[in-house]
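Student: after the sequence you'll find the predicted model.
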Amino acid sequence: MTRLYVVCEGLTEVNFVTQLLKAHLEAPDPSLLTVGAPNLRGNYTYPQLKKFVKNLLGSPASLVAVTTMVDLFKIPGDYPGIADASNKAPFEGVQHLEHQCMEDIGDRRFFPHLQLHEFEALLLAGLTVLKEQHPNPPRRD
Amino acid sequence: MALVALLAQPESDLPSVIVIDEPEIGLHPYALEIIAALVKSASVHCTVVLATQSVGLVNHFAPEDIVTVTREKAQSKFERQNSATLAAWLEDYSMGDIWERNLIGGTPSR
């Protein structure tokens, strides 16, 4: 059984992981994978993120994989590679940062993911899902 | 006051078990600290069970004092925490922080 931890920036991401992503990823074989959504709870520094990830990875032998689900625009100023990221095209910049972070943490069970466009904005691109999640929105007349 | 009277009874008057549902309701964080201390002293002589939704209250207790309840496949899963597995987290976070960071369960399943 592998535990996959998706390190979430906040509650929106936690809800997305536990309500949608978890079921999707565990569906093929629930005995092989279980998904958790630890919550960074907003403002963080890079050393805090690093320690958080390392704590989750635990001992080198543990059956764990870790990824992140944090917004690009909120990453801390001490994030590795940030100095050369701003003069790259958006997707290249994100790839560069993810690569630098992966190198820095240096564990093959860690796959950082940065959200180029703020995750909350993407929710508006899936209105049918939004309606499922909020069947009775408040009326504003 | 009722909580204080209940928990501060002399040893000979304490029942064998005390169960309190959400002792934090309406209490200032400072009062919570006093209640937590009284719970600890009463628990030397009797079993005290608290059900809580308060991060502040949880912060006063050690991992071994805490049992998280998580709903899993229409069942309640009870899990006693332990300081050995949480050692790396406890360097930076209190038990309440760890709970809020969704690391030990005891959070809504949806």
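Tutor: Yes, it's here. Numbering: from 1, shown residues only, chains lettered A, B, ... in the order given.
Student: phi, psi for A:P30 please.
Tutor: The phi/psi pair for A:P30 (degrees, to the nearest 10) reads phi -60, psi -20.
Student: show me where chain A has its helices.
Tutor: Residue ranges of the helices in chain A, as given by DSSP state H, are A:11-16, A:22-26, A:46-57, A:82-85, A:90-105, A:119-123, A:127-133.
Student: looking at the ones you listed, which is closest to chain B?
Tutor: Judged by Cβ to the nearest Cβ, the one of the helices of chain A that comes nearest to chain B is helix A:46-57, at 4.4 Å. Placement of C-beta: from N, CA and C, glycine included.
Student: give the buried residues for that closest one.
Tutor: For helix A:46-57, the neighbour count (16 or more other Cβ atoms under 10 Å in any protein chain shown) marks A:46, A:49-53, A:55-57 as buried.
Student: and it, what other elements does it pack with?
Tutor: strand A:2-8, strand A:64-71, helix A:90-105, helix B:87-90 (3 or more Cβ pairs under 8 Å, 6 or more residues apart in numbering or on different chains; DSSP states H and E).
Student: now render those as a markdown table, adding mean neighbour count and mean pLDDT.
Tutor: Formatted as a markdown table, the helices and strands packed on helix A:46-57 follow (neighbours: other Cβ atoms under 10 Å in any protein chain shown; pLDDT from 0 to 100):
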| stretch | mean neighbour count | mean pLDDT |
| --- | --- | --- |
| strand A:2-8 | 21 | 96 |
| strand A:64-71 | 20 | 95 |
| helix A:90-105 | 16 | 94 |
| helix B:87-90 | 16 | 93 |
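Student: so which of these is nearest A:N15?
Tutor: Closest to A:N15 of the helices and strands packed on helix A:46-57, according to Cβ to Cβ: strand A:2-8, at 8.8 Å.
Student: B:L3: how many residues sit nearby?
Tutor: Look at B:L3: counted by other Cβ atoms under 10 Å in any protein chain shown, it has 16 neighbours.
Student: just A:P112 next, same as before
Tutor: By the measure other Cβ under 10 Å, the count of residues near A:P112 is 22.
Student: okay, it and chain B: tell me how far apart.
Tutor: Relative to chain B, A:P112 is positioned 18 Å away (Cβ to the nearest Cβ, to the nearest Å).
Student: contacting residues around that residue?
Tutor: Residues near A:P112 by Cβ atoms under 8 Å, 6 or more residues apart in numbering or on different chains: A:67-68, A:97-98, A:101-102, A:105.
Student: next, give phi and psi for it.
Tutor: According to degrees, to the nearest 10, A:P112 has phi -70, psi 140.
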